[in-house]
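1. Okay, sequence plus prediction incoming.
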Amino acid sequence: MFGERPYAAVSTAELAQRAGVARGLINHYFGNKRDLYLAVVRRMVTLPRQDKVSIPDGTPGERVDAIVGWLLDTIVEHGTTWVKVTSHEGVGDDPEVQQILDQADDAAAERMLVMIGRADLADSAPLRALVLAYAGLVKVAGREWITRATLTRAQVHQLLADTLLTMITVTIPSVLITEPAPTVETGER
């Protein structure tokens with residue numbers, strides 16, 4: 001229901017009715033509508049475990065194709081609810097929602113670096129930022145596909161695969177060359 005209508009237009013009574021449970025049961029498990037919404041946000045932005053995706057050991061293109069297919073399968077599984085949650089259309093500028101989204105983005109960036117075979121770069125702020133920028137593209141392309149129907153799944157797949165392959169083969173190596181070596185503090189003064 002949160003994917004169908006704005007947060008404020010969804011009542012706890014309606015949620016309970018749609019779920020086929022008493023309203024008190026929702027209150028018992030979640031406290032109130034906002035806490036239920038936060039649980040939905042967490043669920044929508046938490047990527048499935050990595051062992052649920054089979055990334056081939058083949059060429060970078062084959063790996064990217066599998067990663068993007070997995071991302072799109074995850075998006076389509078939750079549809080408009082995923083779009084609303086990841087595009088901040090939920091409860092506005094709620095700091096708890098923003099914290100959940102930031103944590104999910106950070107975890108997704110780390111997961112992406114692992115999936116592209118560069119877990120060793122997880123501590124690099126510029127590379128994490130590149131992956132976060134890619135995540136922004138995933139969100140917008142997902143919205144254009146799922147809710148606006150201005151792109152097909154195949155077009156979104158092509159866009160995301162081309163971009164990710166370029167990041168892996170061109171952008172990341174370029175950033176690694178220009179990134180200054182981290183300084184190590186010895187604790188001495």
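-> Everything's here; your move.
2. where does residue 148 land in three-state SS?
-> Per DSSP: H, G, I helix; E, B strand; the rest coil, the secondary structure class of residue 148 is coil.
3. burial count for it?
-> By other Cβ atoms under 10 Å, the residues close to residue 148 number 9. To be clear about C-beta, it is placed using only N, CA and C from the backbone, and glycine gets the same treatment.
4. starting at the chain centroid, how far to stretch 74-84?
-> Relative to the chain's own centre, stretch 74-84 is displaced by 10 Å; criterion: Cα atoms, centre = their mean, to the nearest Å.
5. show me where pLDDT drops low in this protein?
-> Residues of the chain meeting the criterion pLDDT under 70: 47-54, 56, 87-93, 179-189.
6. can you map out the helices along it?
-> 12-19, 23-30, 33-45, 60-86, 95-115, 125-146, 153-166, 172-178 (DSSP state H).
7. For residue 154, list the residues it contacts.
-> Residue 154 makes contact with no residue, according to Cβ atoms under 8 Å, 6 or more residues apart in numbering.
8. measure it to residue 137 for me?
-> 16 Å (Cβ to Cβ, to the nearest Å).
9. and if you look at residue 97?
-> 21 Å.
10. Looking at those two, which is more packed in?
-> residue 97 (21 against 14).
11. My guess is the more buried one contacts residue 38. True?
-> Yes - Residue 97 sits in contact with residue 38 when judged by Cβ atoms under 8 Å, with a separation of 6.9 Å.
12. Report how many residues lie close to residue 108.
-> Residue 108: 19 neighbours (other Cβ under 10 Å).
13. That one contacts residue 136, correct?
-> No - the criterion here is Cβ under 8 Å, and residue 108 misses it with residue 136 at 11.0 Å.
14. Contact partners for the closest residue to residue 32 other than its chain neighbours?
-> If the residues on either side of it in the chain are set aside, residue 32 comes closest to residue 12, at 7.2 Å by Cβ to Cβ, 6 or more residues apart in numbering. Residue 12 makes contacts with 23, 26, 27, 32, 33, 36, as judged by Cβ under 8 Å, 6+ apart.
15. between the residues you listed, which is nearest residue 162?
-> Lowest distance from residue 162 to the contacts of residue 12 (Cβ to Cβ) belongs to residue 36, with 38.5 Å.
16. what's the distance between the closest residue to the closest one other than its chain neighbours and residue 167?
-> Leaving aside its sequence neighbours, residue 36 sits nearest to residue 30 (Cβ to Cβ, 6+ apart; 4.0 Å). For residue 30, the distance to residue 167 equals 38 Å [Cβ to Cβ].
17. Which one of the two is surrounded by more residues?
-> residue 167 (21 against 17).
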